[in-house]
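1. structure for the following, please:
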Amino acid sequence: FKDYSKWKRSTRSNPLLWATSHHKAVISSNKGETRPSPTGKSGINMAKLGSKYSNASTVVRYVCLYLLIKSRKEAIKDLEELCEQLQERNLQTARSIMDTDRSSFARANKLLIQTAQKMVSYVFSSHCTQRALNSNILFELCLQKQLDLLKAKVVEAQKELRSLKTYKDMEFPVKALQSADMERKLDRLKDMHQKEREDLNLLFKKEMVNLERRQHQREQEVLSAKHASHIPPIVKLTASQNDTIREEIHQRRKVVMEMERKNEELRKSIQELQLSRPKNIRREIFPDVFMKSDK
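-> Numbers count the residues shown, from 1 in each chain. Next comes the predicted model:
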């Protein structure tokens with residue numbers, strides 16, 4: 001605030017409000033001058049009268065000066081209080097302005113951040129939308145290609161259907177007869193194989209019985225020949241024949257085992273054929289025709 005103590009105080013007092021022009025004229029007149037009274041009486045000594053008036057004016061001037069100084073001090077005090085109030089208000093206003101600036105800056109910064117985020121999200125959404133549009137275009141192209149392929153397959157299937165209808169009307173009866181003939185042949189082969197297997201088993205059993213009987217006879221002859229004092233040549237011949245027969249038996253056993261192995265393979269193949277044989281051979285050979293005809 002301003003320093004009012006440096007103000008220049010005027011020592012000259014203001015003129016009194018009650019001072020008339022007559023008094024001013026008397027004071028300004030020459031000292032010692034005696035003017036005649038307008039009533040005709042003896043005149044008054046103007047010098048004495050002027051000294052009295054000058055003393056009174058001096059006192060009045062001092063009083064006025066004192067009052068003026070007092071009023072100035074009170075005015076200065078009021079001004080100082082007003083300056084303090086103004087300074088406090090200025091500080092409050094400055095703080096309010098700073099708070100307003102700070103809040104405005106924070107709000108503006110927040111709005112800028114939100115705007116930047118919105119711009120980023122907008123750019124990202126635009127990019128995603130463009131990517132989705134491109135992917136949709138590619139997907140539509142792929143679907144169009146698949147549709148073209150399916151149309152081509154439908155055309156091929158229609159051609160095959162026409163050819164199968166022609167085949168069904170012309171060649172299918174012949175194929176059906178051939179299938180039935182193959183089934184009958186398979187049944188005959190099965191019966192023949194079963195009969196051959198039974199005959200082979202019977203032959204094997206007979207041969208085994210004969211071989212065992214011959215071997216037993218040879219063993220008895222050899223045992224009876226041991227009781228003799230010496231072995232005759234016939235016994236030696238018999239022993240050699242036994243060896244020959246034993247070797248023959250061994251060979252026959254190999255043949256029988258080989259035949260049994262083949263019989264087992266044939267039996268397995270027949271079982272596989274029985275298991276794999278479809279219930280409807282015609283439906284198995286021509287599945288497309290029968291499936292479409294069922295529909």
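2. how close does L138 sit to Q144?
-> Distance, L138 to Q144, using Cβ to Cβ, to the nearest Å: 11 Å. Where C-beta positions appear, they are placed from N, C-alpha and C, glycine not excepted.
3. that should have said D243, apologies.
-> Applying Cβ to Cβ to D243 and Q144 gives a distance of 89 Å.
4. check T129 too.
-> Applying Cβ to Cβ to T129 and Q144 gives a distance of 22 Å.
5. what's the answer for M257, then?
-> 69 Å.
6. before we move on, what about F105?
-> F105 is 57 Å from Q144, by Cβ to Cβ.
7. what does N242 give?
-> N242 is 91 Å from Q144, by Cβ to Cβ.
8. out of those two, which sits in the more crowded spot?
-> Comparing N242 with Q144 by other Cβ atoms under 10 Å, the one with more neighbours is N242, at 17 against 10.
9. which of the helices or strands spans the more buried one?
-> helix 233-276 (DSSP states H and E).
10. what packs against that helix?
-> Judged by 3 or more Cβ pairs under 8 Å, 6 or more residues apart in numbering; DSSP states H and E, helix 233-276 is in contact with helix 172-226.
11. which other helices and strands does the helix it packs on contact?
-> helix 233-276, helix 281-285.
12. pick the most deeply packed of these.
-> Highest mean neighbour count of these: helix 281-285, a mean of 15 (counted as mean count of other Cβ atoms under 10 Å).
13. show the average pLDDT along it.
-> The average pLDDT for helix 281-285 rounds to 58.
14. same check, this time on stretch 204-214
-> Rounded mean pLDDT across stretch 204-214 is 80.
15. just the C-alphas of it, formatted as PDB.
-> The C-alpha trace of stretch 204-214 is given here as PDB (Å, rounded to 0.1, in the frame of the first residue of the first chain):
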ATOM      1  CA  PHE A 204      -4.700-138.200 -41.100                       C
ATOM      2  CA  LYS A 205      -6.300-140.200 -38.300                       C
ATOM      3  CA  LYS A 206      -6.100-143.500 -40.300                       C
ATOM      4  CA  GLU A 207      -2.500-143.000 -41.300                       C
ATOM      5  CA  MET A 208      -1.600-142.200 -37.700                       C
ATOM      6  CA  VAL A 209      -3.300-145.300 -36.500                       C
ATOM      7  CA  ASN A 210      -1.500-147.400 -39.100                       C
ATOM      8  CA  LEU A 211       1.800-145.900 -38.400                       C
ATOM      9  CA  GLU A 212       1.500-146.400 -34.700                       C
ATOM     10  CA  ARG A 213       0.400-150.000 -35.200                       C
ATOM     11  CA  ARG A 214       3.400-150.700 -37.500                       C
END
